[in-house]
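J.: With the sequence up front, the predicted model follows.
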Amino acid sequence: MPKPVFGRAVRAGNLVFLSGVTGKGPDTGTQIKSIFESIKTTLEEVGSSLENVINATVYLTDLEEREKYLNPIWSELFPRNPPTRTTVQVVLAPPDAVEITVVALVPEVRLYTP
């Protein structure tokens, strides 16, 4: 397998930038859920979480699927204080229907001392 030419996640200070993530599945909704599972795993690996996402860019092959799939899933994942989001219609290599990039905070670790 060829070596990737880009980083999956790059941390700069207390920010982490994730490269575009695509998912698996027969439809856009399934792909979005798969993507966010991957994003969640990557964020946890660097000490962050979905709650710390501050910005996302969503690339959709069909903007009409924003209302059908993206917005309901987004509302579930980010019920309070959702991150900023830009959604753009693009052409992706099939079978990909969506690709998502995110920027998240990596919170300071605070030790509990009684």
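T.: Everything's here; your move.
J.: Every contact and neighbour count from this point should use C-alpha atoms.
T.: OK.
J.: I would like the residues contacting the helix or strand bottoming out on mean pLDDT in the chain, please.
T.: In the chain, no helix or strand scores lower on mean pLDDT, DSSP states H and E than strand 9-12, which sits at a mean of 92. Applying Cα atoms under 8 Å, 6 or more residues apart in numbering, the set of residues contacting strand 9-12 from outside is 16-19, 42.
J.: Same question for stretch 15-23.
T.: For stretch 15-23, contacts defined as Cα under 8 Å, 6+ apart pick out 6-11, 30-35, 38-39, 46, 96, 98-106.
J.: Filter these down to the buried ones.
T.: For these, a burial check counting by 16 or more other Cα atoms under 10 Å picks out 9, 31-35, 39, 96, 98-106.
J.: Return the subset of those lying in helices.
T.: Mapping the buried ones among the contacts of stretch 15-23 onto helices (DSSP state H) picks out 31-35, 39.
J.: Including distance to W74 and pLDDT, could those go into CSV?
T.: Conversion of those to CSV gives the following (distance: Cα to Cα, whole Å; pLDDT from 0 to 100):
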residue, distance to W74, pLDDT
Q31, 13, 97
I32, 9, 98
K33, 10, 98
S34, 13, 97
I35, 12, 98
I39, 13, 97
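J.: Adding distance to F78, write the residues you listed out as TSV.
T.: Formatted as TSV, these follow (distance: Cα to Cα, whole Å):
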residue	distance to F78
Q31	17
I32	14
K33	13
S34	16
I35	15
I39	14
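J.: I'd like to know which of those residues is nearest to L60.
T.: Using Cα to Cα, I32 comes nearest to L60 of these, at 10.1 Å.
J.: you'd agree that closest one is up against L77?
T.: No: counting by Cα atoms under 8 Å, L77 is not a contact partner of I32; they are 11.1 Å apart.
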